[in-house]
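Colleague: Got a predicted model here, sequence first, then my questions.
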Amino acid sequence: MSAHPALDGWQTDNGQLLVGGIPLERLAARVGQTPFFAYDRARLSARIAELRAVLPERLHLHYAVKANPMPAVVQHLAGLVDGFDVASALEMRTALDSTMLAEHVSFAGPGKTDDELEQAVAAGIVLHLESEGEMARVADIAERQGLRPRVAIRVNPDFELKASGMKMGGGAQQFGVDAERVPQMLGELAKMDLDFAGFHLFAGSQNLRADILMETQEKIVALAMSLAAHAPAPVSHLNIGGGFGIPYFPKDERLDLGPVGEHLTKLAERVGKELPEARLITELGRYIVGEAGVYVTKIVDRKESRGQVFLICDGGLNHHLAASGNFGQVIRRNYPVAIGNRMDGDAETASVVGCLCTPLDLLVDKAELPRAEVGDLVVIFQSGAYGPTASPAAFLSHPTAAEALV
């Protein structure tokens with residue numbers, strides 16, 4: 001198909017993209033509408049197998065549900081991963097509706113409401129505390145319910161994950177408790193009727209550099225060891241985050257999992273010696289689901305404007321904000337794209353836009369694509385993570401996109 005790393009493993013048949021082994025036009029007929037997101041279950045399973053082959057057995061693999069909370073995807077992954085991490089009450093209910101045990105579900109995120117905390121305490125999941133105030137609220141709720149919830153402190157480290165797409169640690173953050181304040185918070189926690197489990201440390205996401213990931217993991221484990229000395233009980237839950245990136249753009253090189261796995265094996269051995277009761281966890285979202293999904297939208301008009309071809313589609317940033325560049329890109333770049341029912345046609349330069357009345361609704365800017373006509377299907381790859389739930393679906397009141405696991 002292409003030398004683009006994002007297109008590795010995708011197959012075609014008679015000029016049509018195959019998703020889950022199904023030709024794209026047939027899949028569109030099966031779904032019953034465009035636009036839609038389709039997730040390939042075989043690719044999901046293969047990614048987990050790839051991770052299992054290099055990660056140490058002692059390291060528990062969790063899925064960050066926020067990356068793609070579609071219930072069918074969560075259900076599929078429940079049989080493949082060791083736990084779920086959620087960021088809202090609805091995600092928690094989706095996780096608990098699966099076969100995953102509640103004790104292997106954790107809940108992180110700033111600004112949890114009392115209703116969410118009530119549900120989480122009653123569910124018996126692990127709560128990642130983001131502040132001293134949240135800890136006090138959890139203690140009050142637990143006393144009213146007559147329960148002793150398992151809690152871990154989310155730590156905002158004094159370092160960040162360099163070269164990450166989105167930094168979530170280091171400096172001033174709304175996430176977690178500053179590392180230097182954690183010992184005092186642990187002292188307060190010891191006075192409460194809470195079951196201390198451990199720590200959650202996360203520095204950033206979407207990193208393609210193995211050396212930087214390994215350096216950050218080293219720092220995370222060292223910080224956890226130092227904080228464990230102040231803990232009121234042995235650490236039984238140690239979530240060291242993830243940050244594994246996927247290639248979106250032509251110059252991106254795939255993350256080299258080999259050295260990362262070897263390094264994590266050494267860290268797991270160290271944790272096993274110094275924190276023998278700890279369940280060591282890595283939490284991955286985008287890396288698990290991102291490359292397993294495509295977004296499919298139909299061309300409803302083809303027009304030329306002063307020499308530029310525009311393929312106008314029935315979907316756009318309202319369904320796939322990230323592909324439009326408005327979900328964290330500093331300099332806008334195209335996601336990998338194809339005309340899914342004309343994979344081998346003669347090429348032309350065209351831009352793909354949605355049907356919204358804003359110039360921001362640009363999915364693809366001046367890309368080389370097979371010549372396409374009204375009714376053809378545009379495919380945006382790398383769309384398995386942060387798709388419909390990360391997009392302003394209600395903007396301009398167009399229909400929502402469907403989702404299918406195939």
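Modeller: Perfect, I can see it now.

Colleague: When you work out contacts or count neighbours from here on, use the C-alpha atoms and nothing else.
Modeller: Will do.

Colleague: Name the nearest residue to Gln119, sequence neighbours excluded.
Modeller: Ala89 (7.3 Å; CA to CA, 6 or more residues apart in numbering).

Colleague: per-residue pLDDT, the one you found?
Modeller: Ala89 is assigned 97 on the pLDDT scale.

Colleague: OK, contacts around it?
Modeller: Glu116, Gln119, Ala120 (CA atoms under 8 Å, 6 or more residues apart in numbering).

Colleague: Can you show me the strands along the stretch 201-350 of the chain?
Modeller: 204-205, 237-239, 279-284, 293-305, 308-313, 337-339, 347-353 (DSSP state E, counting those that start in this stretch).

Colleague: which stretch among the ones you listed comes nearest Leu129?
Modeller: strand 237-239 (12.8 Å; CA to CA).

Colleague: Who does the closest one pair with, and is each partner parallel or antiparallel?
Modeller: Strand 237-239 has the following strand partners under DSSP bridges: strand 195-201 (parallel), strand 279-284 (parallel).

Colleague: what's the spacing between Val337 and Asn68?
Modeller: To Asn68, Val337 is 20 Å away according to CA to CA, to the nearest Å.

Colleague: Equivalent analysis for His230, please.
Modeller: Counting by CA to CA, the gap from His230 to Asn68 is 36 Å.

Colleague: Leu321 now?
Modeller: For Leu321, the distance to Asn68 - CA to CA - is 14 Å.

Colleague: Give me the spatial nearest neighbour of Phe202, chain neighbours excluded.
Modeller: Phe202 sits nearest to Gly241 (CA to CA, 6+ apart), 4.6 Å away.

Colleague: thought the one you found was touching Ala203?
Modeller: Yes: assessed by CA atoms under 8 Å, Gly241 is found in contact with Ala203 at 7.4 Å.

Colleague: which of these two has more neighbours?
Modeller: Ala203 (27 against 20; other CA atoms under 10 Å).

Colleague: Local confidence estimate at that one?
Modeller: 76.

Colleague: before we move on, what about Gly169?
Modeller: On the pLDDT scale, Gly169 gets 50.

Colleague: Against the centre of this protein, work out the most remote residue.
Modeller: Arg306 (39.8 Å; CA atoms, centre = their mean).

Colleague: Mind pulling up the pLDDT for that residue?
Modeller: pLDDT, Arg306: 96.

Colleague: again with the one 5 residues further on
Modeller: The model reports Leu311 with a pLDDT of 98.

Colleague: From the structure, what's the count of residues near it?
Modeller: By other CA under 10 Å, neighbour count at Leu311 equals 23.

Colleague: cool, Ala268 as well?
Modeller: Other residues near Ala268 come to 23 when the count uses other CA under 10 Å.

Colleague: For it, give me its contacts.
Modeller: Contacts of Ala268 (CA under 8 Å, 6+ apart): Pro56, Arg58, Leu59, Leu280.

Colleague: The third one: what's it in contact with?
Modeller: Residues counted as contacts of Leu59 (CA under 8 Å, 6+ apart) are Ala268, Arg279, Leu280, Ile281, Thr282.

Colleague: Determine which two of those residues are furthest apart.
Modeller: Ala268 and Thr282 (10.9 Å).

Colleague: Okay then, goodbye and thanks.
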